[in-house]
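Asker: next comes the sequence, and after it the predicted model I'd like to discuss.
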Amino acid sequence: MPKVIIRNGESFDIAFRRFNRKVQKAGILSDIKKNRYFEKPSDKKRRELNATLRKIKRNQRYNR
């Protein structure tokens, strides 16, 4: 869990922004959103395959 220690004279807003940045870098919110609902293994495999295919097509488009 990311921790932020408030420095002397630092406002809450700045400390809160630093905390949010650390949470985003750790990927905590994306994991929570991804695991909010159960996903069948077949659906997960299909989603990952589609993401891979999109990535391959995008790389082919830029490498021409």
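Answerer: Arrived safely, thanks for sending. Numbering: from 1, shown residues only.

Asker: after the lowest-mean-pLDDT helix or strand in the chain, heading C-terminal, what element do we hit next?
Answerer: Ranked by mean pLDDT, DSSP states H and E, the weakest helix or strand in the chain is helix 28-34, scoring a mean of 90. The first helix or strand that comes after helix 28-34 along the chain, using DSSP states H and E, is helix 41-62.

Asker: hmm, who's touching that following helix?
Answerer: Helix 41-62 has contacts (C-beta atoms under 8 Å, 6 or more residues apart in numbering) with Glu39. Placement of C-beta: from N, CA and C, glycine included.

Asker: average pLDDT for it?
Answerer: Across helix 41-62, pLDDT averages out at 95.

Asker: how far does it sit from the chain's center?
Answerer: Remark: helix 41-62 is offset 17 Å from the chain centroid, using C-alpha atoms, centre = their mean, to the nearest Å.

Asker: cool, and stretch 55-64?
Answerer: Put simply, stretch 55-64 sits 23 Å off its chain's centre (C-alpha atoms, centre = their mean).

Asker: now stretch 23-36
Answerer: In terms of C-alpha atoms, centre = their mean, the centre of stretch 23-36 is found 5 Å from the chain centre.

Asker: that'll do, ta.
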